[in-house]
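Undergrad: no sequence on hand, only this structure:
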């Protein structure tokens, strides 16, 4: 099927508007826009004071269909931890294979988010989204039918390709299709779909966790359904008008704008703005090397925009959000929740809270603005991480002592530990104890079994029915405590602060701050930054808990959050409500203006912008 056929169908009923607008002389349009940017319409003009126009329903439809890519991102993030519990047992995976299957997707996504920048410029946003959904569907099917760990790994790598392309293209497409007054809210819909995907994934993982043979196949394979829906539906969606203008296809761009804007005046103004922006960009690039990254780095204001965009994505990750999402069940277990099923369902609760507070960001981002929302969110995140660190320090401080020394453990390093807290920080050891009326007693530190962390290799907590005592409990990676609820509450507090701000604004701002000719490259680099630090943080969390303890890991994330707060305060301008073609000028002023001349900086007139 021809993927462009849908564009003509969607705007067939707008032919009258199309013909009327085409009859307007280009000089008249240019003069209209020239008057606006020359200062004749200042910040107090009737143009800026007129109420936001109504938005065609079609804009919301294409945003929802596009954001399915975000849903797939969130679903994969949320489902992998539950699926791996079963997969590890079925395939008897070593730690290396476990890490390869989990992190291979992230690594491949980082690579293809970088490749996606070139593909967006060469083929357009629509074709890249179609490619991403097709690739993801193929990967999901491959995972669902895999019968060896090698085929499963191939499926995970294919899924990573699709996620990488979608994660950097979807925010660009939504930003370029959305009207300025709703752009932030519509981009946050993508984040809402991400957190919704994580929430659904936790429910699916809980439902299929009882099938210990094939449950993981359903968990991973079901992702092919939404990706197939997106692939079919997106054949009928239009291409981005900004990319069409960049390719010299103004008539198609005009038809698309008519279908997604309320009035002819909106269409005329936006088309004139796109023309001028493309003319300026062409003049700027004429005779220069077409290596876009080099051009961005050698252009001061674009270099500043790139630093801000990549910095936002980096600090989003090093504040520990995907540590929380990937390891939420493990973190809850570390807090002392002994029942695995309860830990999984509590992790579903945290995913639901993440979803609910992302919904708040949907309304806050165009009300309070990107800068203010980011700063408040990151401040609350830093405080929450500090509280998490304090809670885990307290839990480790009151952890049970080792009071029962088993002869079978004398030749292992586990025998040297004196408390449960020190024992479980070693991934080769676990805590074996007996429950009595006052809590844990007769605790010992034993070596973990080779292929399963559900029991010890020797001693009272092996899976041998002749050795296992009915009142004996095996605790791997956590210590029994009556203060688990404090850690769960702190996790919820963290998500409540993070989700509406730092969970949304990095994607929104990165889709806005680059000019059209550099938008794909800028988003590609910032998205790659996100995936790289996602991989770095997720692969180092368990090591950090060993080296620094769980409390120390959260104290480290607190430090990163504070550094990020200073960075955003000094470098991040406000982009709320501005046309995309005007935002570039915000980075043409010194960063010091943001601190010492905030009002001037955030209320740049149209005359100053140009």
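TA: Okay, I see it. This structure is a prediction, so every number in the text was calculated from the model and none was measured. Numbering: from 1, shown residues only.

Undergrad: mind checking the longest helix of the chain?
TA: If you go by DSSP state H, the chain has its longest helix at helix 516-571.

Undergrad: now do that one, average pLDDT.
TA: Averaging pLDDT along helix 516-571 gives 87.

Undergrad: go on, stretch 222-233?
TA: 95.

Undergrad: spatially nearest residue to residue 565, not counting backbone neighbours?
TA: Ranked by C-beta to C-beta, 6 or more residues apart in numbering and with sequence neighbours excluded, the top spatial neighbour of residue 565 is residue 378, at 4.8 Å. All C-beta spots, glycine's among them, are computed from the backbone N, C-alpha and C.

Undergrad: secondary structure element for the one you found?
TA: Using DSSP states H and E, residue 378 falls within helix 370-397.

Undergrad: check the offset of the helix or strand that comes right after that helix from the chain's centre.
TA: Scanning the chain past helix 370-397 towards its C-terminal end, the next helix or strand to appear is helix 420-424 (assignment: DSSP H and E). The chain centroid and the centroid of helix 420-424 are separated by 33 Å, computed with C-alpha atoms, centre = their mean, to the nearest Å.

Undergrad: just checking, what packs against helix 420-424?
TA: strand 429-436, strand 439-447 (3 or more C-beta pairs under 8 Å, 6 or more residues apart in numbering; DSSP states H and E).

Undergrad: paired strands for the first one, with orientation please.
TA: Under the criterion DSSP bridges, strand 429-436 sits next to strand 439-447 (antiparallel), strand 472-475 (antiparallel) in its sheet.

Undergrad: tabulate these (CSV), appending distance to residue 484, mean neighbour count and mean pLDDT.
TA: Formatted as CSV, the strands paired with strand 429-436 follow (distance: least, C-beta to C-beta, whole Å; neighbours: other C-beta atoms under 10 Å; pLDDT from 0 to 100):
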stretch, distance to residue 484, mean neighbour count, mean pLDDT
strand 439-447, 13, 21, 85
strand 472-475, 12, 19, 82
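
Undergrad: wait, what's in contact with residue 355?
TA: By C-beta atoms under 8 Å, 6 or more residues apart in numbering, the contact set of residue 355 is 192, 195, 196, 198, 199, 499.

Undergrad: please repeat the previous calculation with a cut-off of 6 Å.
TA: 195, 196, 199 (C-beta atoms under 6 Å, 6 or more residues apart in numbering).

Undergrad: let's have those residues in a markdown table, adding distance to residue 401.
TA: Listed next are the contacts of residue 355 as a markdown table, based on distance: C-beta to C-beta, whole Å:
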| residue | distance to residue 401 |
| --- | --- |
| 195 | 41 |
| 196 | 44 |
| 199 | 39 |
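
Undergrad: sorry, back to before: so what's the residue count around the residue nearest to residue 565?
TA: 27 (other C-beta atoms under 10 Å).

Undergrad: again with residue 436
TA: Other residues near residue 436 come to 10 when the count uses other C-beta under 10 Å.

Undergrad: hey, what's it bridged with?
TA: residue 439.

Undergrad: gap between it and residue 236?
TA: When distance is defined by C-beta to C-beta, to the nearest Å, residue 436 is 66 Å away from residue 236.

Undergrad: residue 233: which element?
TA: Here residue 233 is covered by helix 224-234, with elements defined by DSSP H and E.

Undergrad: list the buried residues of that helix.
TA: 224, 226, 227, 228, 230, 231, 233, 234 (16 or more other C-beta atoms under 10 Å).

Undergrad: so which elements touch it?
TA: The criterion is 3 or more C-beta pairs under 6 Å, 6 or more residues apart in numbering; DSSP states H and E, and the helices and strands that helix 224-234 contacts are helix 68-91, helix 125-145.

Undergrad: want to throw the strands paired with strand 429-436 into JSON lines with distance to residue 107?
TA: Formatted as JSON lines, the strands paired with strand 429-436 follow (distance: least, C-beta to C-beta, whole Å):
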{"stretch": "strand 439-447", "distance to residue 107": "31"}
{"stretch": "strand 472-475", "distance to residue 107": "32"}
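
Undergrad: and of the ones you listed, who's closest to residue 82?
TA: Shortest separation from residue 82 across the strands paired with strand 429-436 is recorded for strand 472-475, at 20.2 Å, computed as C-beta to C-beta.

Undergrad: got a list of contacts for the helix or strand that the closest one is followed by?
TA: Tracing the chain past strand 472-475, the next element assigned as helix or strand by DSSP H and E is helix 484-498. For helix 484-498, the surrounding residues in contact (C-beta under 6 Å, 6+ apart) are 321, 335-337, 350, 353-354, 357, 377, 380-381, 384, 387-388, 391.

Undergrad: what does stretch 412-422 give?
TA: Outside stretch 412-422, the residues that touch it by C-beta under 6 Å, 6+ apart are 396, 399-402, 409, 423, 429, 431, 445-447, 479.

Undergrad: still on that earlier bit, could I get the buried residue list for the helix holding residue 378?
TA: Using 16+ other C-beta under 10 Å as the burial criterion, the residues of helix 370-397 that qualify are 370-393, 395-396.

Undergrad: so how far is that helix off the chain centroid?
TA: When C-alpha coordinates are averaged (C-alpha atoms, centre = their mean), helix 370-397 and its chain have centres 19 Å apart.

Undergrad: and that helix with helix 516-571, angle?
TA: Helix 370-397 runs at 60 degrees relative to helix 516-571, counting by axes from the mean of the first three to the mean of the last three C-alpha atoms, to 10 degrees.

Undergrad: what average pLDDT does helix 370-397 get?
TA: On average, the pLDDT along helix 370-397 is 92.

Undergrad: one more: stretch 351-366?
TA: Averaged over stretch 351-366, pLDDT sits at 86.

Undergrad: wait, doesn't residue 140 sit right on residue 222?
TA: No: Residue 140 is beyond contact range of residue 222, at 7.7 Å (criterion: C-beta atoms under 6 Å).

Undergrad: who has more neighbours, the two?
TA: residue 140 (26 against 17).

Undergrad: tell me the contacts of that one?
TA: Each residue near residue 140 by C-beta under 6 Å, 6+ apart is listed here: 221, 223, 224.

Undergrad: pull up the gap between it and residue 155, please.
TA: Residue 140 sits 7 Å away from residue 155, going by C-beta to C-beta.

Undergrad: one more: residue 512?
TA: Residue 512 sits 35 Å away from residue 155, taking C-beta to C-beta as the criterion.

Undergrad: who has more neighbours, these two?
TA: Here residue 512 and residue 155 are set side by side on neighbour count (other C-beta under 10 Å), and the busier one is residue 512, at 27 against 24.

Undergrad: for the more buried one, phi and psi?
TA: For residue 512, the backbone dihedrals are phi -110, psi -30 (criterion: degrees, to the nearest 10).
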